[in-house]
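Colleague: Got a sequence here, can you model it:
(one chain, ligands or ions: 1)
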Amino acid sequence: MATVLITGANRGIGLEFARQYLADNWQVVACCRDPDQADELRALADDEHRLQVERVDVTDHAQIDALAGRFREPIDVLLNNAGIIGPIPIPAHIGKQHFGSLDYDLWERVLRTNTFGPIKMAEAFLPQVEASEQKKIVSLSSSLGSIAERDTPAYAYATSKTALNKAMTLLAASLRDRDVIVTVVCPGYVKTRMDFGTANVEIPDSVAGLRRLIAGFTLADSGTFTRYNGERIPW
Ligand SMILES: NC(=O)c1ccc[n+]([C@@H]2O[C@H](COP(=O)([O-])OP(=O)(O)OC[C@H]3O[C@@H](n4cnc5c(N)ncnc54)[C@H](OP(=O)(O)O)[C@@H]3O)[C@@H](O)[C@H]2O)c1
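Modeller: Coordinates of the predicted model:
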């Protein structure tokens, strides 16, 4: 039975990943900041015990190391989903990400979550990924991090994803000869808490597309940036 570890699995895209992988008979290690508040996630538990809920704040490196030290099973897909765009509601706070009124503490928090978090997870769980059959590390990026495609001036969020993209291409290169596949993907503009009001992709459609992509990834795809619908995104 294949295993996926998902960060930020208590809501939005992460919760739907957990739901769909469980429905597909995967073993799911669903991580979230506060399992006691994760009612929707815990409700996915079944009699076969294929859902394991773990407490992980991706900015807490000691917590990540502790889980990696305890969790010795192979992980076929390490799914770095957890991320923040900044304080909610987005329109009230987006000025903090605009040049001239930048909030550098916020920028640092966004980088710690969206960039360092996935890299730290990859560092901590690499042995479990390498021990698996599929050996995949997939991180949720955003087309807002693409220098070529977008110029939305959300400095903190956009740069956190650009840096994530670069870090994951470095990792893809360094792990290629160990047969580990490392990719970044964009889920589209999805109707989650990150919706500014104009999102046009339903959560189940995005996740179904991403799961199809992930299932098809081979070593030849390592180091690529792909949208949920299969389009390659220019860096
Ligand atoms: N929605 C979109 O249109 C869109 C577009 C491009 C990329 N993405 C990316 O897709 C991913 C999922 O986003 P979403 O749309 O599902 O947003 P969401 O509904 O806001 O969910 C984000 C998830 O990340 C978790 N999280 C945030 N900070 C965390 C931390 N420090 N440690 C652990 N978990 C943390 C949240 O947990 P809490 O509930 O505890 O806050 C939540 O479970 C993100 O990486 C996002 O950047 C989304």
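Colleague: Could you double-check that residue 183 sits in contact with residue 172?
Modeller: Yes - with contact defined as Cβ atoms under 8 Å, residue 183 reaches residue 172; the gap is 7.3 Å. Placement of C-beta: from N, CA and C, glycine included.
Colleague: what about the residue lying closest to residue 218 once chain neighbours are set aside, distance to the ligand?
Modeller: With Cβ to Cβ, 6 or more residues apart in numbering as the criterion, residue 218 has its nearest non-adjacent residue at 6.9 Å, and that residue is residue 181. Per Cβ to the nearest ligand atom, to the nearest Å, residue 181 is found 19 Å from the ligand.
Colleague: got a list of what residue 181 touches?
Modeller: Listed by Cβ atoms under 8 Å, 6 or more residues apart in numbering, the contact partners of residue 181 are 134-137, 172, 217-219, 221-222.
Colleague: got any residues that touch both of residue 183 and residue 172?
Modeller: 222-223.
Colleague: near the ligand, which residues of the protein?
Modeller: Remark: the part of the chain in contact with the ligand comprises 7-8, 10-14, 32-33, 56-59, 81-84, 113, 140, 142, 186-187, 189-190, 192-194, 199, using Cβ under 6 Å from any ligand atom.
Colleague: so of the residues you listed, which ones are in strands?
Modeller: When those are checked against strands (DSSP state E), the matches are 32, 140, 186.
Colleague: list the contacts for the residue nearest to the first one when sequence neighbours are not counted?
Modeller: It refers to residue 32. With Cβ to Cβ, 6+ apart as the measure, residue 10 is the residue that lies nearest to residue 32, at 3.8 Å, once sequence neighbours are left out. Listed by Cβ under 8 Å, 6+ apart, the contact set of residue 10 reads 30, 32-35, 37-38, 40-41.
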